[in-house]
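*Asks:* sharing a model prediction with you, sequence too.
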Amino acid sequence: MANQEEPIRIVIEEEDLPLIPDKPGRSAPDVKAGAKQVGDKAAELAQKAWDSEPRRKVTDGAAALAAKGSKAVANKMADTMEQQARQQATALQHRVQETDWKEEAKKGSAQGLRWLSEKLSALADRVTTGSSSAPADGTEGKE
């Protein structure tokens, strides 16, 4: 940039002239009417597309696919719940089978007899120690 040139300057002048038709006898186009026609045509095309057979097929196919998907999920959940119930029932059966009921009955009976023996021993002690100082009808110390 050894030479310093003067920048180019472009000036655009705006003219406020009304739109004048090129040919006499013609009027300026009606923009509102044209826009309305274009809008009406677009609405008509959209309605035709909506009512078209391919759109119905796609919509029906999507609905059928959604129904199949929800049915598959419901079936899977039912299968899972059924499997869990079977596993719990099997575990309970094994637990019941593994329990030695004869041994459990012996333990329970022995524990019950020990308790009964303690109570009878305590009653015998009360009766033997209470016979010399109090009546045997269970009213000791109450007069």
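*Replies:* All right, it came through fine. Numbers count the residues shown, from 1 in each chain.
*Asks:* only C-alpha atoms for contact and neighbour calcs from this point on.
*Replies:* Fine.
*Asks:* downstream of the helix ranked longest in the chain, the next helix or strand is which one?
*Replies:* Longest helix in the chain, counting residues (DSSP state H): helix 53-98. Once the chain leaves helix 53-98, the next helix or strand it forms, by DSSP states H and E, is helix 101-130.
*Asks:* pull out the buried residues from that following helix.
*Replies:* Neighbour-count burial for helix 101-130 flags 127, 130 (criterion: 16 or more other Cα atoms under 10 Å).
*Asks:* against which helices or strands is the longest helix of the chain packed?
*Replies:* Applying 3 or more Cα pairs under 8 Å, 6 or more residues apart in numbering; DSSP states H and E, we find helix 53-98 packed against no helix or strand.
*Asks:* any idea which helix or strand in the chain has the lowest mean pLDDT?
*Replies:* helix 31-50 (a mean of 86; mean pLDDT, DSSP states H and E).
*Asks:* quick check: buried residues in that helix?
*Replies:* Within helix 31-50, no residue counts as buried by 16+ other Cα under 10 Å.
*Asks:* what's the angle between that helix and helix 53-98?
*Replies:* Orientation of helix 31-50 against helix 53-98 (axes from the mean of the first three to the mean of the last three Cα atoms, to 10 degrees) gives an angle of 40 degrees.
*Asks:* run a quick neighbour tally on residue 97.
*Replies:* 10 (other Cα atoms under 10 Å).
*Asks:* about what we covered before: using CSV, write out every CA atom in the least confident helix or strand of the chain.
*Replies:* Only the C-alpha atoms of helix 31-50 are listed here, as CSV (Å, rounded to 0.1, in the frame of the first residue of the first chain):
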residue,chain,number,x,y,z
VAL,A,31,-50.6,-7.6,-2.4
LYS,A,32,-53.3,-8.5,0.2
ALA,A,33,-55.3,-10.5,-2.3
GLY,A,34,-52.2,-12.3,-3.5
ALA,A,35,-51.1,-13.2,0.1
LYS,A,36,-54.6,-14.5,0.8
GLN,A,37,-54.5,-16.7,-2.3
VAL,A,38,-51.1,-18.1,-1.3
GLY,A,39,-52.4,-18.7,2.3
ASP,A,40,-55.5,-20.4,1.0
LYS,A,41,-53.5,-22.6,-1.3
ALA,A,42,-51.1,-23.5,1.5
ALA,A,43,-54.0,-24.4,3.8
GLU,A,44,-55.6,-26.5,1.0
LEU,A,45,-52.3,-28.4,0.4
ALA,A,46,-51.9,-29.0,4.2
GLN,A,47,-55.4,-30.4,4.4
LYS,A,48,-54.8,-32.6,1.5
ALA,A,49,-51.6,-33.9,3.1
TRP,A,50,-53.4,-34.5,6.3
